[in-house]
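Colleague: need coordinates for the following:
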Amino acid sequence: MTYSFDPILVIFSIIVSVVGAYTCFDLVIKIRTGDQTVNRKLLVGASFAIGGSIWSMHFVAMLALNLPIVIQYDVLLTLISGLVSVLMTAVALLIVSSAAYDLRRTLIAGAIMGLGISSMHYIGMSAIRGNCDLTYSTLWVFTSIAIGMGASTASLWSATQLRGVWRRIVAALVMGVSISGVHYTGMAGTSFLPLDKALEYSQPIFSPFSLGLTTAVATFIILGWTLLTLMPEPQAVSHGSASSAPDKAALESTTETESADKQADFHIDKLPVQKNQRTYFVYFADIVSVTSDGHYTTVHTKDGESHFCNHSLSQVEEELNSPDFLRVHRRHIINLHHVESFERQHDKGLVFSHGGEQPIPVSRTNISKLQEALGI
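Modeller: Residues are numbered from 1 along each chain as shown. Below is the predicted model of the structure:
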């Protein structure tokens with residue numbers, strides 16, 4: 001029998017998988033660079049983000065399917081398909097994030113995740129209940145599995161190697177479309193054959209469109225909650241608590257002064273950066289610029305390298321705390337010693353630095369500060 005898809009729900013299914021992929025990428029980066037004490041929570045969050053969005057994408061896409069018969073879904077098999085997706089994703093993320101980057105581990109993890117996507121799809125398809133029988137084309141089945149493995153491997157490599165919000169967005173788009181490709185490739189090789197004897201099935205309480213839209217919106221809410229809840233808290237600076245007793249306040253003041261003196265004595269002009277679950281330190285003098293990367297930053301050095309730093313741009317600005325550095329844009333800090341040239345563009349500008357891959361924008365409010373600092 002012939003079938004078609006609701007285009008709006010198809011678009012929603014792709015968006016769900018893209019948002020889930022981006023959320024997973026963001027959490028995987030934290031797993032590889034964060035503290036071991038929070039990595040378990042991040043791993044669970046990333047597993048539910050991508051595994052849950054894969055399942056949700058499949059579910060929304062199935063609800064987009066228009067058949068000339070009424071179909072329903074076996075609740076148990078539907079839930080099992082989602083559980084398989086989350087568990088196999090968790091195994092893949094555990095493999096790829098438990099050590100430094102290794103191509104062999106990435107290929108193994110990508111194969112496991114791809115099999116998880118495919119398993120989820122065909123278990124979910126077996127949950128269909130209606131007056132029809134399903135048959136599959138062997139060629140299309142293996143093609144969909146190959147797409148799942150290839151896309152998963154590419155996405156895991158991107159999640160562990162790429163830096164920058166826009167690169168993660170592009171990678172999430174590729175991964176999201178690829179996840180959807182597994183489903184719709186599998187559907188291209190699926191045939192729905194009518195049964196000789198019709199079975200009685202009651203109409204669902206919700207229409208496929210309403211149920212699919214509700215599922216997509218609920219997934220967005222869950223992914224947003226996951227991303228915001230597992231975001232590392234900013235480091236708090238304790239200034240001591242006020243006390244009504246004068247002697248206690250004096251004692252706390254003395255202690256804070258001594259602590260500040262000790263910090264000043266042991267202060268080093270280095271900024272911590274992360275790579276392959278190890279912390280390195282970059283000398284302030286070697287920093288060309290610092291760029292905001294969402295809740296984190298990317299540190300560009302004079303040797304042309306870019307390093308991931310899990311501090312926010314405001315935290316980095318406080319740590320640098322030197323007249324050598326100037327925040328010229330809400331997303332950029334530059335080292336004045338590495339400035340090669342400056343170009344004025346109406347009420348804004350561009351700074352070109354030694355070792356910098358791209359010019360750094362200067363906002364209108366910071367033009368005068370930069371010109372004064374450069375003596376122009």
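Colleague: and residue 344, that's in a strand?
Modeller: Yes. Judged by DSSP: H, G, I helix; E, B strand; the rest coil, residue 344 forms part of a strand.
Colleague: quick one: residues contacting it.
Modeller: Counting by C-beta atoms under 8 Å, 6 or more residues apart in numbering, residue 344 touches residue 367. All C-beta atoms are positioned from the backbone trio N, CA, C, and that covers glycine.
Colleague: for the chain, what helix or strand is lowest in average pLDDT?
Modeller: helix 246-265 (a mean of 46; mean pLDDT, DSSP states H and E).
Colleague: any idea which helix or strand comes after it?
Modeller: strand 270-275 (DSSP states H and E).
Colleague: list the buried residues of the next helix or strand after that following strand.
Modeller: On the C-terminal side of strand 270-275, the nearest following helix or strand under DSSP H and E is strand 278-283. Of the residues in strand 278-283, residue 282 count as buried by neighbour count, 16 or more other C-beta atoms under 10 Å.
Colleague: pLDDT on strand 278-283, on average?
Modeller: Across strand 278-283, pLDDT averages out at 87.
Colleague: mind giving me the packing neighbours of it?
Modeller: strand 270-275 (3 or more C-beta pairs under 8 Å, 6 or more residues apart in numbering; DSSP states H and E).
Colleague: and the strand it packs on with strand 278-283, angle?
Modeller: Put simply, strand 270-275 runs at 140 degrees to strand 278-283, going by axes from the mean of the first three to the mean of the last three C-alpha atoms, to 10 degrees.
Colleague: residue 116 should be in a helix, yeah?
Modeller: Yes. Residue 116 forms part of a helix when assessed by three-state DSSP.
Colleague: what's the nearest residue to residue 133 if we skip its chain neighbours?
Modeller: Excluding its sequence neighbours, the residue lying closest to residue 133 (C-beta to C-beta, 6 or more residues apart in numbering) is residue 193, at 4.6 Å.
Colleague: residue boundaries of the helices in the stretch 101-250 of the chain?
Modeller: For the stretch 101-250 of the chain, applying DSSP state H, counting those that start in this stretch gives helices covering 103-126, 138-161, 165-188, 208-229, 246-265.
Colleague: mean pLDDT lowest for which of those?
Modeller: helix 246-265 (a mean of 46).
Colleague: buried ones in stretch 119-126?
Modeller: Here stretch 119-126 shows 119, 120, 121, 122, 123, 124, 125 as buried, counting by 16+ other C-beta under 10 Å.
Colleague: for residue 75, see how far away the last one is.
Modeller: As judged by C-beta to C-beta, to the nearest Å, residue 125 and residue 75 stand 15 Å apart.
Colleague: again with the fifth one
Modeller: Counting by C-beta to C-beta, the separation of residue 123 from residue 75 is 13 Å.
Colleague: how many neighbours does the nearest residue to residue 362 once chain neighbours are set aside have?
Modeller: Nearest residue to residue 362, sequence neighbours excluded (C-beta to C-beta, 6+ apart): residue 349, at 3.9 Å. Residues near residue 349, counting by other C-beta atoms under 10 Å, number 21.
Colleague: repeat for residue 374
Modeller: Number of residues near residue 374 (other C-beta under 10 Å) recorded here: 13.
Colleague: surely residue 49 meets residue 24?
Modeller: Yes. Contact criterion C-beta atoms under 8 Å: residue 49 and residue 24 qualify, at 4.6 Å.
Colleague: now do the buried residues in whichever strand or helix holds residue 352.
Modeller: Using DSSP H and E, residue 352 falls within strand 348-353. Within strand 348-353, the residues that qualify as buried by neighbour count (16+ other C-beta under 10 Å) are 349, 351, 353.
Colleague: again, but for stretch 319-336
Modeller: Result for stretch 319-336 [16+ other C-beta under 10 Å]: buried residues 319-320, 324-329, 331-336.
Colleague: which among the residues you listed gets closest to residue 83?
Modeller: Nearest to residue 83 among these: residue 331, at 40.5 Å, using C-beta to C-beta.
Colleague: list the contacts of the closest one.
Modeller: Residue 331 touches 291, 292, 313, counting by C-beta under 8 Å, 6+ apart.
Colleague: how about the first one: what's its closest non-neighbour residue?
Modeller: Using C-beta to C-beta, 6+ apart and skipping the chain neighbours, the partner closest in space to residue 291 is residue 298 (4.8 Å).
Colleague: double-check that that neighbour belongs to a strand.
Modeller: Yes. Using three-state DSSP, the assignment for residue 298 is a strand.
Colleague: and it, how far from residue 288?
Modeller: 11 Å.
Colleague: same question for residue 327.
Modeller: 14 Å.
Colleague: ok, the nearest residue to residue 82 once chain neighbours are set aside - contacts?
Modeller: In space, and not counting its chain neighbours, residue 82 is closest to residue 55: 3.9 Å by C-beta to C-beta, 6+ apart. Going by C-beta under 8 Å, 6+ apart, residue 55 touches 81, 82, 85, 86, 120, 124.
Colleague: taking the residues you listed together, which two end up most distant?
Modeller: 86 and 124 (13.3 Å).
Colleague: settle this for me: residue 360 is touching residue 326, isn't it.
Modeller: No. In this structure residue 360 lies outside contact range of residue 326 using C-beta under 8 Å: 10.6 Å.
Colleague: tell me the domain boundaries of the protein?
Modeller: 4-229, 270-374 (automatic domain parsing).
Colleague: hey, which of the ones you listed is tucked in deepest?
Modeller: domain 4-229 (a mean of 19; mean count of other C-beta atoms under 10 Å).
Colleague: what about it, distance to the chain center?
Modeller: Its chain's average C-alpha position is 15 Å from that of domain 4-229, according to C-alpha atoms, centre = their mean, to the nearest Å.
Colleague: can you list the low-confidence ranges for the stretch 251-376 of the chain?
Modeller: 251-268, 355-357 (pLDDT under 70).
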